[in-house]
Each structure stands twice: as C-alpha cells, then as structure tokens.
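>>> Predicted model and sequence below, questions to follow.
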Amino acid sequence: MQLLPLLALIQETVAPATNAPPAAAPGGMGDLFGGMMIPLLLCMAVFYFFMIGPERKARKKREQMLKTLEKGAKVMLTSGFYGAIVAVNDQIVTIQLGDGVRVRCSLSSVQTVLEDEGAKEKDKEKELKEKEKVS
C-alpha cells in the first residue's frame, strides 16, 4: 500500500513529466554527414580527375585511331604480330604479316598504328627548318 506513492516518486525522478520533446543527442546523424560531406566530395573529384578522365580520353583517342585505319598502314596487333593492313571491312581487318601470309582479325585487335621511319625524319626536318626561320 505504501508502495504506490514510492513508485510514483521514482518515476518522476527518473523521467520528469514535461511537454517539451527530448533534445537531440550531440554527434547525431546530421553532424556525421555534415562533417564528412566535403572530404567525400573532394575524394570523388580527385578520383574523377586522376582515374576516370584520363581513361576516357585514352578511349576516345583509340576509337579515333581505329576509325582512321586505312590500307597500307603498319600496325601492331594485341597478340604482338606486326603487319600491314590490306583491307578494312566494318569490324574485320585483313593484315599481311609476311609474303603470302594474311590474317583476318577483329578491328579491336589492332593495338597501335606504327609510324613510318621516313615520316618521323621528315617531321624532325620540318621542325629544324621552322626553328631556323624563327632564329
């Protein structure tokens, strides 16, 4: 019988009756995302500029190289074979590896287009002549 007033007293001291909502605990979810948002965005920007951007640029350069392939161009395949292009049909390239040896392969198997030695020398000569004109 005397237990009821004692329970009421304990209940009031532990959880006082107020009409105000409970205060938010410090360090809640708002602080977590607010404090990490700037470094997270910074990491994403760095990742884009150092990883995604250069890869996209290299892919566009490769696609352009494959579009401009023409008969007679010297190429290296992904398998390591060197040869000259004989024919280009849609996605199939015919490459001559040697005398009487022709290979048909996928257009995507062309890794690089090799520059002629003569073309490199001509470019160097042009640069030297341009430098002499400027001097």
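That came in fine, so what should we check first? No experiment lies behind these values; they were computed from the predicted model shown.

>>> Give me the neighbour count for L42.
Using other CB atoms under 10 Å, the number of residues around L42 comes to 10. Glycine gets a C-beta too; all of them are placed from N, C-alpha and C.

>>> how much space is there between it and M51?
Separation of L42 from M51 (CB to CB, to the nearest Å): 14 Å.

>>> Could you do K126 as well?
Per CB to CB, K126 is found 37 Å from M51.

>>> And for A84?
Distance of A84 to M51, given as CB to CB: 36 Å.

>>> Who has more neighbours out of the two?
Remark: of A84 and M51, A84 carries more neighbours, 14 against 10, as counted by other CB under 10 Å.

>>> residues touching that one, list them.
A84 makes contact with 72-75, 95-96 under the criterion CB atoms under 8 Å, 6 or more residues apart in numbering.

>>> swap in M76?
The contact partners of M76, by CB under 8 Å, 6+ apart, come to 82, 110-112, 114.

>>> May I see the PyMOL selection of the buried members of the residues you listed?
Restricted to buried positions by 16 or more other CB atoms under 10 Å, the PyMOL selection for the contacts of M76 reads:
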select buried, resi 110
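
>>> Mind picking the one among the contacts of M76 that's closest to K57?
Taking CB to CB as the measure, K57 sits nearest to T112 out of these, at 16.4 Å.

>>> Just want the phi and psi numbers for that closest one.
Backbone torsions for T112, taken as degrees, to the nearest 10, come to phi -140, psi 160.

>>> Look up the pLDDT of the closest residue to it other than its chain neighbours for me, please.
Closest residue in space to T112, ignoring its immediate chain neighbours: M76 at 5.0 Å, by CB to CB, 6 or more residues apart in numbering. At M76, the model reports a pLDDT of 93.

>>> For L42, see how far away M76 is.
Look at M76 and L42: by CB to CB, they are 40 Å apart.
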